[in-house]
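**Student:** what would the 3D arrangement of this be:
(chains A and B)
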Amino acid sequence: MKDRLRRTMLYVPGNNTGIIRDAAIYRSDSIMIDLEDSVSYRQKDAARLLVYTSLRTFDFEGVETVVRINGLDTPYGREDIKAMVRARPDIIRLPKTDSAHDVQEASRLILQEEKKNGLPEGSIGLMAAIESPLGVINAYEIACASERLVGIAIGAEDYVTAMKTSRSADGVELLYARSAVVTAARAAGIQAYDTVYSDLNNEEGFRQEVELIKQLGFDGKSIISPRQIKVVHDVFTPSAKEIEHAQKVVEAIDEANAKGSGVIAVDGKMIDKPIVERAKRTLEMASASGVLSRKEGRYHA
Amino acid sequence: MPDVIQNHTIPEDILKQFQRRQFEGAYTHTPHVRVDKGNRSLPRLNKLVDTMEQVIIKSGLKDGMTISFHHHFRDGDRIINMVMDVIAHMGIKNLTLAASSLSDVHAPLIDHIKNKVVTQIHTSGIRGKLAEAISNGLMDNPILIHSHGGRARAIETSRLKIDVAFLGVPSCDVYGNANGYTGQSACGSLGYAKVDALYADRVVLITDMLSEYPNTPFSIHQDQVDYIIKVDHVGDPQRISLGATRDTKNPRDILIGSLAARVIACSGYFEEGFSLQTGSGGASLVTTKFLYEYMKEQNIRANWALGGITAQIVKMHEEGYIKRLLDVQSFDQEAIRSIGENRYHSEIDASYYANPLNKGCAVNKINVVVLSALEIDTDFNVNVLTGSNGVLRGASGGHSDTAIGSGLSVIVAPLIRGRSATVVEAVKTIITPGSTVDVLVTDRGIAVNPRRPIVAERLKECQLPVVPIEELKRKAERLAGVPEPIEFEDKIVAVVEYRDGTIIDVVRQVKS
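**Tutor:** A predicted model of the protein is given here:
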């Protein structure tokens, strides 16, 4: 579960069954059903019941399900965990994570409910969203706080407000936070996800942001509309040229290993371990994106 | 003004041999000519009549006759209600109303039906309050639902005899040359009206713009027209045509449209010189848009497009990717502009478009058509007429005409609409028989008619999610459940005519 492809995590409001029911048809990597910000206080209980029933009723056709619960400092967070463990989404996402303790507490509550419901320990994954300067400072501790954690995410809106700034087109105000989160995630060996881009009609701006976060090293991004899926998948899918090069590298190294020779070169360039690793990751990404099919250990376009 | 002719008596036996009468003066047997030649102060010769009532009297309309209308003004139409009010006021009863289609705006017909002014209706489609009232048993006689091609066939073969056609036109001159693309109420093609103008006994044009004679180029010709009446508005421009650009933002339509475009691109029908018809619905517009991307990418050009012309089709035409357009109905502002401006954007009439019994209709030559559906069953029969509650709410249109004529008919529809499944065991009403339907594209999978195994193979090769239609039905049932069957009364409220004139289905009154 931990290494699953999560380029796109599509937010769907937890108070609209029609949207939850149809969310899987757009084939984002994950569906993120929201009990937090998109549900008003008056509807919290109704939405929890509705999401519970939806998860137990609908077929999401293999698309990963994530539920964003309310914070544990609200009157709803603990109730959310109780209901959601029983509803069994793949992952619970904790908002507004400031410290390792927040993660440990959520993980403990999930474990308690797993036991109560006779589920294997750790069957439900956890994702933590960092949305404050304190959370960013504690990013590494947060990332290491629980075995259950599959990844950490940066949530920008609260963060930039706390930073006494606002979001800009090039995202310079988020550069430190993004770098801190992705570095912490890599150091802890888990995934890192970027925040939402809310200007739905600015496709070019969106594409630039996706290119930026991919370059920074993120695994994916939360999205607010099915219309954003294709752009993210396009950016994350290796190009034909990248795939070709990666195949050459992997073939060359296989050949070298078979012959027992050491140093190799492809297209006149030295190939060392990190290059081989990157090539393998490119092929894995190409395969996961459906551009390549894997047969007998080899990639075929 | 008698002619003075001396010493030109024609021998009786010649008159007898040729079965003629002797000349009696140039004006005696020639109607529609200026009798007062030379008097320049007289008004120019014209067919204008002052009031609707006078027109109706002159037309000779009597109880029990058949009157016709066209639907180019769509939901902005003011003609039918305007004419019917006057007819009702004059006390004429028992009429057959043969409209090429009816929509929401025609709800006032309910009163004319109650008062027996209208006792029979022929139409392609029916919607809104009128449709609901008819579904609830308003009329004594069932209405007759026809396809666009079927109506043209009925008129041309005299199965449907029109006594008086009341045709709203956006512009015409005093002698009856009319077109659809000039004037405040421009609607583009007058394709459906052209058939009525050609075959009705009496033709009345109603316009809100009188233009200079001759109003060229014209769609309805002066030699077909009896009377003309000028009114303030023939339609409501806001509701006649759809806006210039209507890019859908609905993600489901985008999903279905992108799949349908790939289906077409992979079907084997996507090749240089192909032809297409796509509709004006959200998913259909997206299909056209994505298909255009494939055309540019693979440098494929279409020879022609048919239909139902939209802004997207016009754009492709003007950018050189579709050579010619055949237009029976112009859906939006851009299509209306284009039919006036573009040399190879041609107006066609409903018979040319789809009449199955003429010497060759355009639908027979089309390669690919994209159509919608309210319901489709596991035998691929399509319902575009009755809703999930059994009430009339749609139109037969060119659905069955293009489905059978095209090389590849593609139906686009969401698997679930609201709370109802689109793919069902048996459709409530058959408009288009399954043997003429090839591919169904939904947001949750694609089904290919088993009749077309090669198409299915090609789509699978493109990694498209092709599944048996039964599986789509099961999927829909899992999500939406199986609804209780709708209860109907015995009374038949509508009869569905197939394009060849046979009856393919009936619609019964819903239980209230």
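**Student:** which residues touch residue B:259?
**Tutor:** B:441, B:443, B:446, B:464 (CB atoms under 8 Å, 6 or more residues apart in numbering or on different chains). Quick note: C-beta positions are derived from backbone N, CA and C, even for glycine.
**Student:** contact residues of chain A facing chain B?
**Tutor:** A:21, A:22, A:25, A:26, A:58, A:59, A:225, A:226, A:227, A:290 (CB under 8 Å from any CB of the partner chain).
**Student:** neighbours around residue B:51, how many?
**Tutor:** Residues near residue B:51, counting by other CB atoms under 10 Å in any protein chain shown, number 10.
**Student:** which non-adjacent residue is nearest it?
**Tutor:** residue B:229 (7.5 Å; CB to CB, 6 or more residues apart in numbering or on different chains).
**Student:** swap in residue A:228?
**Tutor:** Closest to residue A:228 by CB to CB, 6+ apart is residue A:206, at 6.3 Å.
**Student:** how about the host helix or strand of that neighbour: buried residues?
**Tutor:** Assigned by DSSP states H and E, residue A:206 falls within helix A:203-216. For helix A:203-216, burial by neighbour count (16 or more other CB atoms under 10 Å in any protein chain shown) applies to A:206, A:207, A:208, A:209, A:210, A:212, A:213, A:214, A:216.
**Student:** what lies in contact with that helix?
**Tutor:** Residues outside helix A:203-216 that contact it (CB under 8 Å, 6+ apart): A:169, A:171, A:178-179, A:182, A:194, A:197, A:199, A:221, A:228, A:231-232, A:235-236.
**Student:** can you pick the most crowded of those residues?
**Tutor:** Top of these by neighbour count (other CB under 10 Å): residue A:194, with 28 neighbours.
**Student:** hmm, back to that, return the member of the buried residues of helix A:203-216 nearest to chain B.
**Tutor:** Nearest to chain B out of the buried residues of helix A:203-216 is residue A:206 (CB to the nearest CB; 14.4 Å).
**Student:** longest helix in chain A, please.
**Tutor:** Counting by DSSP state H, the longest helix found in chain A is helix A:240-259.
**Student:** against which helices or strands is that one packed?
**Tutor:** If contacts are counted by 3 or more CB pairs under 8 Å, 6 or more residues apart in numbering or on different chains; DSSP states H and E, helix A:240-259 sits against strand A:264-266, strand A:269-271, helix A:273-288.
**Student:** that helix: how far from the chain's middle?
**Tutor:** For helix A:240-259, the separation from the chain centroid amounts to 29 Å (computed by CA atoms, centre = their mean, to the nearest Å).
**Student:** got it, and stretch B:399-415?
**Tutor:** Taking mean C-alpha positions (CA atoms, centre = their mean), stretch B:399-415 and its chain are 16 Å apart.
**Student:** returning to that earlier point: just list what the helix or strand that contains the residue nearest to residue B:51 packs against, helices and strands only.
**Tutor:** Here residue B:229 sits within strand B:227-230, counting by DSSP H and E. Under the contact criterion of 3+ CB pairs under 8 Å, 6+ apart, strand B:227-230 touches helix B:52-59, strand B:202-207.
**Student:** whatever residue of the stretch 151-300 of chain B ends up closest to chain A and residue A:104, how far apart?
**Tutor:** Nearest residue of the stretch 151-300 of chain B to chain A (CB to the nearest CB) works out as residue B:251 at 3.7 Å. Going from residue B:251 to residue A:104 by CB to CB, to the nearest Å gives 38 Å.
**Student:** between the two, which is the more surrounded one?
**Tutor:** Between residue B:251 and residue A:104, residue B:251 has the larger neighbour count (other CB under 10 Å), namely 19 against 14.
**Student:** the more buried one contacts residue A:28, correct?
**Tutor:** No - using CB atoms under 8 Å, residue B:251 is not in contact with residue A:28; the gap is 10.9 Å.
**Student:** any weak-confidence spans in the stretch 151-300 of chain A?
**Tutor:** A:262-263, A:293-300 (pLDDT under 70).
**Student:** now it against chain B: closest residue?
**Tutor:** residue A:226 (3.7 Å).
**Student:** that residue: neighbouring residues, count only.
**Tutor:** 22.
**Student:** give me the common contacts of residue B:251 and residue A:28.
**Tutor:** The contact sets of residue B:251 and residue A:28 overlap at residue A:226 (CB under 8 Å, 6+ apart).
**Student:** hey, where'd the helices end up in the stretch 51-200 of chain A?
**Tutor:** A:77-87, A:100-116, A:133-137, A:139-143, A:156-162, A:175-188 (DSSP state H, counting those that start in this stretch).
**Student:** quick one, the second one and helix A:77-87 angle?
**Tutor:** What separates the directions of helix A:100-116 and helix A:77-87 is an angle of 40 degrees, with axes from the mean of the first three to the mean of the last three CA atoms, to 10 degrees.
**Student:** now helix A:100-116: buried residues?
**Tutor:** For helix A:100-116, by 16+ other CB under 10 Å, it's A:100, A:102, A:103, A:105, A:106, A:107, A:109, A:110, A:111, A:113, A:114.
**Student:** contacting residues for residue A:97?
**Tutor:** Here residue A:97 is in contact with A:103, A:128, A:129, A:130, A:131, A:135, A:142, A:152 (criterion: CB under 8 Å, 6+ apart).
**Student:** domains of the chain?
**Tutor:** No chain specified, so I'll use chain A. The record's domain parsing of chain A by automatic domain parsing lists A:8-236, A:240-300.
**Student:** please go with chain B instead
**Tutor:** Chain B breaks down by automatic domain parsing into domains covering B:52-240, B:251-487.
**Student:** can you list the weak-confidence ranges in chain B?
**Tutor:** Within chain B, the stretches with pLDDT under 70 are B:1, B:32-44, B:243-247.
**Student:** got the residues of it near chain A?
**Tutor:** Counting by CB under 8 Å from any CB, chain B comes close to chain A at B:249, B:251, B:252, B:254, B:255, B:416, B:443, B:444, B:463, B:475, B:478, B:479.
**Student:** now, of those, which are buried?
**Tutor:** Buried by 16+ other CB under 10 Å: B:251, B:252, B:254, B:255, B:416, B:443, B:444, B:475, B:479, out of the residues of chain B next to chain A.
**Student:** quick revisit: surely the residue of the stretch 151-300 of chain A closest to chain B meets residue B:251?
**Tutor:** Yes - shown here, residue A:226 and residue B:251 form a contact pair, counting by CB under 8 Å, at 3.7 Å.
**Student:** which neighbours do the two share?
**Tutor:** residue A:26.
**Student:** if we can go back for a sec, out of the buried residues of helix A:203-216, which is nearest to residue B:123?
**Tutor:** For those, the residue nearest residue B:123 by CB to CB is residue A:206; the value is 46.5 Å.
**Student:** give me the neighbour count for residue 164.
**Tutor:** Assuming you mean chain A. By other CB under 10 Å, the residues close to residue A:164 number 7.
**Student:** hmm, I had chain B in mind actually
**Tutor:** By the criterion of other CB under 10 Å, residue B:164 has 26 neighbours.
**Student:** most distant residue from the middle of chain A?
**Tutor:** residue A:259 (40.1 Å; CA atoms, centre = their mean).
**Student:** against residue A:250, how distant is it?
**Tutor:** From residue A:259 across to residue A:250, the span is 15 Å (CB to CB).
**Student:** single out the most deeply packed of the helices and strands packed on helix A:240-259.
**Tutor:** Compared across these, helix A:273-288 shows the largest average neighbour count, a mean of 16 (mean count of other CB atoms under 10 Å in any protein chain shown).
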